[in-house]
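Chemist: Pasted the sequence and its predicted model underneath.
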Amino acid sequence: VQLQASGGGLVQAGGSLRLSCAASGRTLSSYFMGWFRQAPGNDRERVATIGRYGYYTSYTDSVKGRFTISRDNAKNILYLQMNSLKPEDTAVYYCAARLGSDYDTWGQGTQVTVSS
């Protein structure tokens, strides 16, 4: 599967963005999916994950209640709705897919910048 992330941009603190990750080459429902982010000087961080049919989701503590991960398997798209954005959410966001235990397929990343 190939992944293409989009939807990043510049937003003021308190604003919202929705990231999308379009998949091609294979049916998205075959994969567990996740969103990750990496800020300059920091390690890559797992932001949110979702099971193959959307019934299972998990979030890192810093985004709980603000971000929502979802998927539309019919359209082969993964989403990340980000509300109440904070400057510390600034990072490059990546979508990723896994069949087994490791995320081994990655999108190219989309920049999210939150100004204070």
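Modeler: That came in fine, so what should we check first? Residues are numbered from 1 along each chain as shown.

Chemist: which residues in the protein form strands?
Modeler: Using DSSP state E, the strands of the chain run over 2-6, 9-12, 17-24, 32-38, 45-50, 57-59, 67-72, 77-82, 91-98, 105-106, 110-115.

Chemist: Kindly reformat these as TSV containing mean neighbour count and mean pLDDT.
Modeler: For glycine as for every other residue, the C-beta is placed from the backbone atoms N, C-alpha and C. Below are the strands of the chain laid out as TSV (neighbours: other Cβ atoms under 10 Å; pLDDT from 0 to 100):
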stretch	mean neighbour count	mean pLDDT
strand 2-6	17	96
strand 9-12	13	98
strand 17-24	19	96
strand 32-38	22	98
strand 45-50	19	98
strand 57-59	15	98
strand 67-72	18	98
strand 77-82	22	98
strand 91-98	22	97
strand 105-106	17	96
strand 110-115	17	98
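
Chemist: What distance do you get for the residue nearest to the spatial centre of the chain to T110?
Modeler: For the chain, W35 is the residue whose C-alpha lies nearest the centre (Cα atoms, centre = their mean; 2.9 Å). W35 sits 10 Å away from T110, going by Cβ to Cβ, to the nearest Å.
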